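Novice: no sequence on this one, just coordinates:
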């Protein structure tokens, strides 16, 4: 098993502490593997295996305990001593009223609790009511480029150069299962589409009781076709109107919220750099893994700029940044990324093909009057100049860079 060290390091400070550890992310992103790694860490620390209770609620073995009272009774039967027990509960959202059961575990037993879930609304207001101040969320993403290279070293002994490897990552994305086998593109997209279909059915249609599945699919396609573009719910509704398909504005927002809840999409608000305020209109949406675009919509090379943006966005999120789209006057900065009182600014483009493109990409950053790091990220391998402190990086340099 390959150690996804960033997640284990994020969890280590909370092992044995009172906070419930909630590990969230899209299905098949590696949450179950993180739970296994936590179990290995507990065993290394001397925790007896008898004091670790591990349950995957997608297994039919546990089909008869998918309600809070039955789960509570099951856990109660596992706890044999007064020692601390460690509960590793995978895909907890499958249990009806699970929040009540977990809250009761904290009251009734000496336990350290780890949960995974495939819906961001695990951290809803209802959960906060039961577990206020007693949980920490650890988001898990599909493989970063660095992790992808680790998988390649572990599973294959190929001789591809770094450029070809990045093109593989660009085409196939980061779902771990894809990089445990040498799938051709067509087979990889079949696997990814099956993951996508499962997420749509179980974490979107069933969870949010969506009846018009065909309309939901159209909203998804609109969002995926506009990766890297700002748009609003009204833009979506107006587009459907132009296609002679009427859709209520609230329905658009409900569908977008459902897709964000299932980790298919991430919503990124705009931030006015002069007014220092978050704007409420014209957000951007990015997909949780770029392979979903290819698997659902076919070749989208014309979207290469937006796809590269998507890759950079996910890397910033993996590193713990809060990410916004920057607005400065009439111009846009692709990303304003903040963490612990610091920030960076990032522009992403496919190629700096002419002087006009250079002026646009660098000029937007040069108009920001502060000393925080500023980057232009492209796929130009040989054009390495920086301009007035704004650094230009080839995209893999950015993805591999230790400190931004």
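Specialist: Right, received. Where do you want to start? As the structure is a prediction and not an experimental result, all values here were calculated from the model. Numbering: from 1, shown residues only.

Novice: helix or strand for residue 311, which one?
Specialist: helix 304-318 (DSSP states H and E).

Novice: so what's the residue count around residue 135?
Specialist: 20 (other Cβ atoms under 10 Å). The way it works is simple: take the backbone N, C-alpha and C, and place the C-beta from them, glycine included.

Novice: hmm, residue 18 and it touching each other?
Specialist: No: taking contacts as Cβ atoms under 8 Å, residue 135 lies outside contact range of residue 18: 9.9 Å.

Novice: circling back to that earlier point, okay, buried residues for the helix holding residue 311 please.
Specialist: 305-318 (16 or more other Cβ atoms under 10 Å).

Novice: also stretch 81-98?
Specialist: 85-95, 98.

Novice: how about a markdown table for those, with distance to residue 144 added?
Specialist: Below are these laid out as a markdown table (distance: Cβ to Cβ, whole Å):
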| residue | distance to residue 144 |
| --- | --- |
| 85 | 33 |
| 86 | 28 |
| 87 | 29 |
| 88 | 24 |
| 89 | 26 |
| 90 | 22 |
| 91 | 23 |
| 92 | 25 |
| 93 | 25 |
| 94 | 28 |
| 95 | 31 |
| 98 | 30 |
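
Novice: tell me which of those fall in strands.
Specialist: 85-90 (DSSP state E).

Novice: for those, give me CSV that also has distance to residue 239 and pLDDT.
Specialist: Formatted as CSV, those follow (distance: Cβ to Cβ, whole Å; pLDDT from 0 to 100):
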residue, distance to residue 239, pLDDT
85, 53, 98
86, 50, 98
87, 46, 98
88, 44, 98
89, 41, 97
90, 39, 97
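
Novice: per-residue pLDDT, the residue lying closest to residue 392 once chain neighbours are set aside?
Specialist: Leaving aside its sequence neighbours, residue 392 sits nearest to residue 376 (Cβ to Cβ, 6 or more residues apart in numbering; 4.8 Å). pLDDT recorded at residue 376 is 96.

Novice: ok, residue 376 touching residue 349?
Specialist: Yes: Residue 376 lies in contact with residue 349 (Cβ under 8 Å); the separation is 7.0 Å.

Novice: touching both of those two, which residues are there?
Specialist: residue 361 (Cβ atoms under 8 Å, 6 or more residues apart in numbering).

Novice: out of the two, which sits in the more crowded spot?
Specialist: Set residue 376 next to residue 349 and count neighbours by other Cβ under 10 Å: residue 376 wins out with 27 against 21.

Novice: so what strands line up beside the helix or strand hosting that one?
Specialist: Using DSSP H and E, the element containing residue 376 is strand 374-378. Looking at strand 374-378 with DSSP bridges, its partner strands are strand 342-348 (parallel), strand 391-394 (parallel).

Novice: among those, which comes closest to residue 192?
Specialist: Smallest distance to residue 192 across the strands paired with strand 374-378 (Cβ to Cβ): 23.1 Å, for strand 342-348.

Novice: who touches stretch 264-281?
Specialist: 26, 196, 199-200, 204, 220, 223, 230, 232, 256, 259-260, 282-288, 292, 313, 317, 323-329, 333, 336, 368.

Novice: show the buried residues in those.
Specialist: 26, 196, 199-200, 204, 220, 223, 230, 232, 256, 259-260, 282-288, 292, 313, 317, 323-328, 333, 336, 368.

Novice: which segments of this structure make up each domain?
Specialist: The record's domain parsing of the chain by automatic domain parsing lists 5-139, 146-400.

Novice: what helix or strand does residue 146 sit in?
Specialist: helix 145-155.

Novice: and that helix, what's buried?
Specialist: Those would be 145, 147-152, for helix 145-155 by 16+ other Cβ under 10 Å.

Novice: looking at those residues, spot the one nearest residue 106.
Specialist: Using Cβ to Cβ, those come closest to residue 106 at residue 147, 33.2 Å.

Novice: can you redo the buried residues of helix 145-155 as CSV with distance to residue 37 and pLDDT?
Specialist: Listed next are the buried residues of helix 145-155 as CSV, based on distance: Cβ to Cβ, whole Å; pLDDT from 0 to 100:
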residue, distance to residue 37, pLDDT
145, 20, 97
147, 13, 96
148, 18, 95
149, 19, 94
150, 14, 92
151, 15, 92
152, 20, 90
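
Novice: against residue 216, how distant is residue 209?
Specialist: Per Cβ to Cβ, to the nearest Å, residue 209 is found 12 Å from residue 216.
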